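A.B. asks: what's the 3D shape of this:
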Amino acid sequence: MPDAAAPVIFSTHALHPAAVAALDGAGKLKIATALDPATLIAESRDAAAIIVRANLPETIFRDAPALRAAVRHGAGLDMIPMEAATAAGVLVANVPAVNARSVAEHVFFVTMALLRRFRMMDRDLRTAGWLAGRAHAEHTNELSGRRIGIVGYGAVGRQVHAIAAQGFGLEVAVNSRSRPEDLGEAAFLDVDALVAQSDVVVLCCPLTPETRGLIDARRIGLMKPGALIVNVARGPVIVDDALVAALRQGRIGGAALDVFATQPLPPDHPYFSFDNVIVTPHMAGITEESMMRMGTGAVAEVVRILRGDLPVNLRNPEVLPAYRARFG
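C.D. replies: So this is what the prediction gives:
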C-alpha cells in the first residue's frame, strides 16, 4: 500500500504502463478526473509535481505549496504558463525529441494518402463499388521527384529531412530561425521562396509571435497550384480563413492538418467538407512507442526532481533562485 506521506504526482492523463512502473516507490500517482481549469486546480493542490498533457491555467501555481515542477509529457511548452510557473518558483521541464519519429512518419503517411487520393478512393470503393474506387487511380501522383519544404528544423524537421532524402530520394528545402550546419544537400530558403518552390510544405516549427499566421493568404498565393500543406506544428501557424478560401478556389492540391487554432475542431468546420483535406485529432506524435518514451521520460524527470536534483531538460533556468528559496 502506498505511503500516505509519499509525494503526490499529479498527471492530467493516464500514463503508459512502463511509466507507471517507473514511478513505483517515488510517490503516489493521481490522475485528473476532468481537464477543466477548476478540476485541475483543485485536484493538483497537494501535488509535488504535475505531468502535463493538457493546458494548465495560470492560477494552478498560486495555491500549491508542495509543487516543485510541471513536466511536459512531450516537447511543446505551450500548455504550461511559463511566466506564472517561474513567478511561483516552479521548475518547468519537458521531454524533447522522443516523438519526432512518430510525427515524421505521420507526415509521409498523410502526404502519400493525399497524393493517392486515398480518402476518395476508399469512400467510393465502399459506397459505389470496385470500378468507382479504381477510377481515381489515373489522377493520383507519386511522391518521387517532388521537392519537400520543411519549415522548422528541430527534432521533427530533421527526421522529416532524413526520411525524405534517405528514404525517398526527394529534394529538400529547409527554413529555420538560423541556418543549420547539418543541411547536407538541402537548400536553405526564406519562407517565401520555400513555399513557392516546394511541392509539399511541411510545418513543424514552434508557435511563436514570428510563426503565428506564418502561412497567410499572400504565402498561400505563392504556392504551386498542386502543392500540399502538412501542418504538424500548431494550428495558429496557418490562417484558417486563407487556407479554406484557397481550398474552395482549388488554388492548392490539398492539406493534411493535425493541429488547429481551436481544439477539438468544431464538427461543422469547413475543413471537414473537402475531399482533399485529411484531418487528424492532434495525434501525429502519438503511437504506442512514443507514449512509452514520453511517459518514461517525463517520469524520469519527476523522480530526479523529487530526489533533490534539477531536471535534465530544465526550460526556465531563471526560476532557480525562487525555487531554491522554496525548497533549498
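A.B. asks: my guess is M79 meets A54, correct?
C.D. replies: Yes. Using C-beta atoms under 8 Å, M79 is in contact with A54, at 6.4 Å. From N, CA and C alone the C-beta is placed, and that goes for glycine too.
A.B. asks: shared neighbours of those two, anything?
C.D. replies: Here M79 and A54 have no joint contacts, going by C-beta atoms under 8 Å, 6 or more residues apart in numbering.
A.B. asks: got phi/psi on L203?
C.D. replies: Main-chain dihedrals, L203, degrees, to the nearest 10: phi -100, psi 110.
A.B. asks: my read: it touches I215, true?
C.D. replies: Yes. If you go by C-beta under 8 Å, L203 and I215 touch, sitting 6.8 Å apart.
A.B. asks: I286: what's its closest spatial neighbour, skipping adjacent residues?
C.D. replies: Closest residue in space to I286, ignoring its immediate chain neighbours: S102 at 6.9 Å, by C-beta to C-beta, 6 or more residues apart in numbering.
A.B. asks: quick one: that neighbour and G285 touch, right?
C.D. replies: Yes. Between S102 and G285 there is a contact at 4.9 Å, judged by C-beta under 8 Å.
A.B. asks: ok, the residue nearest to I286 to M294 distance?
C.D. replies: 10 Å (C-beta to C-beta, to the nearest Å).
A.B. asks: next one: A164
C.D. replies: 24 Å.
A.B. asks: low pLDDT regions in the protein?
C.D. replies: 1-4 (pLDDT under 70).
A.B. asks: check which element follows the lengthiest helix in it along the chain.
C.D. replies: When the chain is parsed with DSSP state H, its longest helix is helix 288-306. Next helix or strand after helix 288-306 toward the C-terminus (DSSP states H and E): helix 320-327.
A.B. asks: format the CA atom coordinates belonging to that following helix as CSV.
C.D. replies: The C-alpha trace of helix 320-327 is given here as CSV (Å, rounded to 0.1, in the frame of the first residue of the first chain):
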residue,chain,number,x,y,z
LEU,A,320,16.3,28.7,-9.8
PRO,A,321,16.7,31.5,-7.1
ALA,A,322,13.0,31.3,-6.3
TYR,A,323,12.9,27.5,-6.4
ARG,A,324,15.9,27.2,-4.1
ALA,A,325,14.3,29.7,-1.7
ARG,A,326,11.3,27.4,-1.5
PHE,A,327,13.0,24.1,-1.3
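A.B. asks: angle of it against helix 288-306?
C.D. replies: Interaxial angle, helix 320-327 versus helix 288-306 (axes from the mean of the first three to the mean of the last three C-alpha atoms, to 10 degrees): 70 degrees.
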